[in-house]
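Q: Sharing a sequence plus its predicted fold:
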Amino acid sequence: MTGAAGSAAYDRGVRDPTPAELELYAAARAAAAGAYVPYSGFAVGAALRTASDAVITGVNIENASYGLTCCAERTAMFAAVAAGEREFTAIAVHGDAASVPPCGACRQVLAEFAPGLVVVYRQDGAPVAAELDELLPARFQL
């Protein structure tokens, strides 16, 4: 890996992103500009690629009742599902911090539809890629 550093356990399954995954990450970075973050000021964008190669973006949307805030990854997933999409290949997440992987709630929502999804996110300041199964090895299932 060229960009990310960290412990071996943390890096398990993490690799450098492909050029197509970096393009998806650029879409997530661009989407972040539309975030509604009046309380934290921490804008996050997500770009979700469908099996049909469409890209659906989402942003984090904060609320004065902070528990009602929705992350960018879930916003993108919910928009995609509302549009009739059910199969996904990759998601990219961008926030302006050193490391911005999806939170646990987002990982579980993503795993509902695509447990093998490729996730592109910042780790130690650089984009990296990993499969969702590596980031959420023991997801909730019925």
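A: Thanks, I have the structure now.
Q: ok, which stretches of the chain are helices?
A: Secondary structure of the chain (DSSP state H): helices at 19-31, 72-82, 104-113, 132-135.
Q: To Q141, which of those lies closest?
A: With respect to Q141, and counting by Cβ to Cβ, the nearest of those is helix 104-113 at 8.4 Å. Placement of C-beta: from N, CA and C, glycine included.
Q: pLDDT weak spots in this structure?
A: 1-11 (pLDDT under 70).
Q: Distance check, the most centrally placed residue in it against G84.
A: In the chain, the residue lying closest to the centroid (Cα atoms, centre = their mean) is V93, at 3.7 Å. As judged by Cβ to Cβ, to the nearest Å, V93 and G84 stand 23 Å apart.
Q: cool, H94 as well?
A: From H94 to G84 the distance is 26 Å (Cβ to Cβ).
Q: ok, those two, which is more surrounded?
A: Taking other Cβ atoms under 10 Å, H94 and G84 do not tie; H94 has more neighbours (25 against 7).
Q: Test my guess that the more buried one contacts V100.
A: Yes: with contact defined as Cβ atoms under 8 Å, H94 counts as touching V100 (6.9 Å).
Q: what is in contact with those two at once?
A: 44, 121-122 (Cβ atoms under 8 Å, 6 or more residues apart in numbering).
Q: Quick check: strands, which of the residues you listed are part of them?
A: The strands, defined by DSSP state E, take in 44, 121-122 from the shared contacts of H94 and V100.
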